[in-house]
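# What would the 3D arrangement of this be:
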Amino acid sequence: MKLTILPIIAYVAVSTNVIRGIDRINIDALGIAFGVFLICMSIYFAFFSKRIKIRPTPIAAIGCGGISGIFSGLFGLGGPPIGLYFSSVTDTHEEYLANTQFLFTVTNFFNTAMRISKRIYTADLIPLTIAGMVAINIGKLIGVKVYKGMSDETLKMTIYIFVGISGIVTLVRNLL
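Predicted coordinates for the structure are as follows:
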């Protein structure tokens, strides 16, 4: 839990401010930039990450939390930067999962409250939310079974691949 305090503070502070000002931002251009950024980030970490190790310093925690907050506020997808941070600063799968799940529980509560207050999230989205929650939990159950057999290196590479896939999907979706 100690690893999550600064990232949570930065994440919530940044994401809530981004959500407050989202109506003044060109989302289409940012969506394209975000897709490209995710692709570049996945390539960088997949092929060059062994050269750099993110250490659990306050600057790294605040930086990764803040970057995740920006992306969460803009796109509702803040996981990749903070996932990369926790994959570098935790020693076990369990520690990685505990830290990421705790962070997302806290930050999702604040972001949802902010989106409700800005009338971005409305009652008509509740059925889609429930369907998404069911899908997430099914994915989590499958993921827990799959990840138990993975080495740390395989887990990290899997994260990088999915970050890249997220980038490709985001880029294509925003270009069409």
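
# Could you measure from residue 82 over to residue 72?
9 Å (C-beta to C-beta, to the nearest Å). Just so you know, the C-beta spots here come from the backbone N, C-alpha and C atoms, and that holds for glycine as well.

# So for these two, which residues contact both of them?
Counting by C-beta atoms under 8 Å, 6 or more residues apart in numbering, the contacts common to residue 82 and residue 72 are residue 11.

# Check residue 114 and give its pLDDT.
With respect to pLDDT, residue 114 scores 91.

# what residues are up against it?
By C-beta under 8 Å, 6+ apart, the neighbours of residue 114 are 15, 16, 19, 20.

# Assign a three-state SS to it, would you?
Secondary structure state of residue 114, per DSSP: H, G, I helix; E, B strand; the rest coil, is helix.

# Who's the closest spatial neighbour of residue 61, skipping the chain neighbours?
The shortest distance from residue 61 to any non-neighbouring residue, by C-beta to C-beta, 6 or more residues apart in numbering, is to residue 6 (3.8 Å).

# again but with residue 27, I slipped
residue 74 (7.3 Å).

# Same check on residue 164?
Once flanking residues are discounted, residue 164 sits nearest to residue 42: 3.3 Å by C-beta to C-beta, 6+ apart.

# Neighbours of the one you found, how many?
Neighbour count for residue 42, taken as other C-beta atoms under 10 Å: 23.

# doesn't residue 167 make contact with it?
Yes: using C-beta atoms under 8 Å, residue 42 is in contact with residue 167, at 6.3 Å.

# for residue 107, what are its contacts?
Here residue 107 is in contact with 8, 11, 12, 15, 69, 72, 78 (criterion: C-beta under 8 Å, 6+ apart).

# Once you drop chain neighbours, what's closest to the last one?
Here the nearest residue to residue 78 in space, its sequence neighbours aside, is residue 72; by C-beta to C-beta, 6+ apart that works out to 2.9 Å.

# Just the pLDDT for the one you found.
Per-residue confidence at residue 72 stands at 89 (pLDDT).

# Ok, residue 49 next?
As predicted, residue 49 sits at a pLDDT of 66.

# Let me know whether residue 14 touches residue 70 as I believe.
Yes: at 5.6 Å, residue 14 and residue 70 qualify as touching, with contact defined as C-beta under 8 Å.
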